[in-house]
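Engineer: got a predicted structure here, sequence first:
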Amino acid sequence: MGHAAIKAIKDGMEIGGRKVLVCNCEGTMPLDGKALGRACGAKAAPQIHGHLCRSELELFKAAAGSNAPLLIGCTQEQPLFAELLAEREGPPPAAFVNLRERAGWSAEAEAAMPKIAALLAEAALAIPATPSVTLRSEGVCLVYGQDETAIEAARQLAPRLDVTLLLLRRGDIYPPRATEFPVYCGTIVAARGHLGAFEITVDDYAAAVASSRGALTFEAPQNGVASRCDLILDLSGRPAIFTSRQRDGYFRPDPGNPGALQRALFDLVELVGEFEKPRYVDFTAALCAHSRSRKTGCTRCLDVCPESAIRPDGDVVAIDPYVCDGCGACHSVCPTGAAAYALPPVTALAARLRTLLRTYHEAGGALPALLVHDPRRGEEVIWAMARLGRGLPARVLPFAVNEATQIGLDFLLLAFAYGAAQVVILAPPNRRDELAPLASQIGLAETVLQGLGFGGGRLHVLAEADPDAVEQALYQLPSVTPIAPGGFLAMGDKRALLHLALERLHEVAPAPQEILPLPAGAPFGAVEIRSEGCTLCLACVGACPTGALQDNPETPQLRFQESACVQCGLCKATCPEKVVSLVPRLNFTAARAGAVLLKEEPPFNCVRCGKPFGTKSSIDRILAQLAHKHSMFQDEQRVRLIQMCDECRVIAQIEDGAHPMAGPPRPKPRTTEDYLRERGDKDETEI
């Protein structure tokens, strides 16, 4: 390796403070260093390597020796590069990006330079670490089955785990020759928990009789027996104990599939010790609009969680991070951002969108179509398309997220606000039954886009695992017009990002509307009241979780700020007069950001001192309900107390000779003599 090559490495292209190493994989990708440097807006062009992982490995070591952070355009040889970096003392941080299958191996590779620049720029971003929770397992394993298959599985696990066998039925099942593990029979009727903390309830529970000679016999059964374990192997052949799609520590292979059963056994024996699990959702209780004063408002997250990891908890909800499997549906539908996806945080996801699309446009790309996929099945489909088919079209930008179901209205509108012409979501076909929340968010986004004149054909969901079908769909996307990209920074929470995206889309809309009607359930809208029935009790103000409904401490008023309303319905549920209604819509006028007056009344003046208190309508309502109807307000003097302020009410009662807190006179105590006197036989009892 010559000094010129080393100098070229040291003086090469940098993106985001990272040295960029790009390889054309033995000439199989058409890469031009100068063109790539211009596309990336870099000061220097990168050196295009041809065999960085083999014959040019010394060049990689030289780059690692500079101690500068690295950005390596290859993921196939990532294990090799990571191993070489680990051998160094104080290795530089390194990021990897797949340029080959995502862009270079394509029928349109010659036109993919803007996409390659965008992928490099996105990969150079620093993504914050995701918080985690710790799961602890001591290896206490329950094997639940109904025949010799369960006994054999328990026998294989017994040397490594603390096994208990629970047989579903009594019958001609012969006991093992030696008692390597306890054997019981029974039926699991309830279960909850997670890896390291399962709790089950068993009916018809009975221990095996040690003297069973032929088939296993059992003691007298009991119902409602509770037990705990760390792991569960379900070979019962019955419906799953947990109705959710997945539960850490719970395995349910097909008992008739020996391969699947053995894989489950291999996985089980490894689940002893402490394990880190991402805390997928960052929950902010102060933003939750679930309930107030025992009135239920928003239940969106409760309705869509497939894991039953969310439950009501007073005025808010509680999300169990140990059960949550990270589908992200709660984040997708949450109107306030109380349930915010943390892998990565919403602001980091928005920053990736902005960087990817902005770099693509600045590099000369046009009509970008965002392909949203998960990093497991989605990457496999992209890999197969590149190797066996035409690969991704040059204008299709792959964008990996943890789960396709985490996508919500905020992501979709941000993508279009940053200049995406289309968004295609690649969802795994085995999750079709979980796509309803995503479909609702897509429907809402389409309403916004079509209402602003952007037209249809911009949003697509592909629930496909066949690479050929995905490839065909991507090459046949309908023609659409471009959307001018915005450059605004991704700042704030989910709600703030939504407002930024909507403002940008309204700014460049072909047919901007001041008021855009939305379907029921949308997280934007107005509150209307029938003013003639409102008494300004302000119960709605106390119930509003976002401060959209406001009072005025100086005078009886009800005001409303539309930009803060999430249409949770708590105001409607709380209103005692039932005069509140919700109007889902998008308001693009300046009035949405300020508080508008919904109802105002003059204050009611105290009939004794003249001080204003309450409102006339509320006092009249109380008079109509209590005056001459309640036992405490039968005469006019008592009725006037209702029309007095709190201070005058006390003074008037004292002047009237009655203590304001006094109750009725206490009855005189009665003695035995009183009862005997009434009977007239007192003298007969005297001694």
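Structural biologist: Good, I have the coordinates.
Engineer: which parts of the stretch 401-550 of the chain are strands?
Structural biologist: Listed in chain order, the strands of the stretch 401-550 of the chain (DSSP state E, counting those that start in this stretch) span 422-426, 459-462, 515-517, 525-529, 549-551.
Engineer: and what of the stretch 251-400 of the chain?
Structural biologist: In the stretch 251-400 of the chain, the strands defined using DSSP E, counting those that start in this stretch lie at 273-278, 281-283, 291-292, 295-296, 310-313, 316-319, 339-341, 369-373, 396-400.
Engineer: quick one: strands adjacent to the first one?
Structural biologist: In the sheet containing strand 273-278, its partner strands are strand 132-137 (antiparallel), by DSSP bridges.
Engineer: contact partners of the strand it pairs with?
Structural biologist: Strand 132-137 has contacts (C-beta atoms under 8 Å, 6 or more residues apart in numbering) with 194-196, 230-231, 248-249, 271-279, 321-322. Backbone N, C-alpha and C define where each C-beta goes, glycine included.
Engineer: and the next helix or strand after that strand, how far from the chain's centre?
Structural biologist: Next in sequence after strand 132-137, counting helices and strands by DSSP states H and E, comes strand 140-145. Strand 140-145 sits 32 Å away from the centroid of its parent chain (C-alpha atoms, centre = their mean, to the nearest Å).
Engineer: show me what strand 140-145 is packed against.
Structural biologist: helix 148-157, strand 162-167, strand 225-229, strand 231-234 (3 or more C-beta pairs under 8 Å, 6 or more residues apart in numbering; DSSP states H and E).
Engineer: got these as JSON lines, with mean pLDDT and mean neighbour count columns?
Structural biologist: Output for the helices and strands packed on strand 140-145, formatted as JSON lines (pLDDT from 0 to 100; neighbours: other C-beta atoms under 10 Å):
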{"stretch": "helix 148-157", "mean pLDDT": "94", "mean neighbour count": "20"}
{"stretch": "strand 162-167", "mean pLDDT": "96", "mean neighbour count": "22"}
{"stretch": "strand 225-229", "mean pLDDT": "96", "mean neighbour count": "16"}
{"stretch": "strand 231-234", "mean pLDDT": "97", "mean neighbour count": "25"}
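Engineer: save these as CSV, and put in distance to residue 561 too.
Structural biologist: Output for the helices and strands packed on strand 140-145, formatted as CSV (distance: least, C-beta to C-beta, whole Å):
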stretch, distance to residue 561
helix 148-157, 60
strand 162-167, 58
strand 225-229, 50
strand 231-234, 50
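Engineer: those: which one's closest to residue 452?
Structural biologist: When the helices and strands packed on strand 140-145 are compared by C-beta to C-beta, strand 231-234 sits nearest residue 452, at 50.6 Å.
Engineer: pull up the pairing partners for that closest one, direction included.
Structural biologist: strand 140-145 (parallel), strand 250-251 (parallel).
Engineer: and those strands, which is most packed in?
Structural biologist: Of all these, strand 140-145 has the most neighbours on average by mean count of other C-beta atoms under 10 Å, namely a mean of 25.
Engineer: circling back to that earlier point, out of the helices and strands packed on strand 140-145, nearest to residue 177?
Structural biologist: Nearest of the helices and strands packed on strand 140-145 (C-beta to C-beta): helix 148-157, 10.1 Å.
Engineer: what does that closest one rub up against?
Structural biologist: With C-beta under 8 Å, 6+ apart as the contact definition, helix 148-157 has outside contacts at 141, 143-145, 163, 165, 167, 173-174, 176, 180-181, 233, 235, 255, 261, 265, 268-269.
Engineer: put the alpha carbons of that helix into CSV.
Structural biologist: Only the C-alpha atoms of helix 148-157 are listed here, as CSV (Å, rounded to 0.1, in the frame of the first residue of the first chain):
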residue,chain,number,x,y,z
GLU,A,148,-45.6,-38.4,25.5
THR,A,149,-44.3,-35.5,23.3
ALA,A,150,-44.6,-33.2,26.3
ILE,A,151,-42.9,-35.8,28.6
GLU,A,152,-40.0,-36.1,26.1
ALA,A,153,-39.6,-32.3,25.8
ALA,A,154,-39.6,-32.0,29.6
ARG,A,155,-36.9,-34.8,29.8
GLN,A,156,-34.7,-32.9,27.3
LEU,A,157,-35.1,-29.6,29.2
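Engineer: that one versus strand 140-145: what angle between them?
Structural biologist: 160 degrees (axes from the mean of the first three to the mean of the last three C-alpha atoms, to 10 degrees).
Engineer: if we can go back for a sec, out of the helices and strands packed on strand 140-145, nearest to residue 29?
Structural biologist: If we rank these by C-beta to C-beta, the stretch that ends up nearest is strand 231-234, at 46.3 Å.
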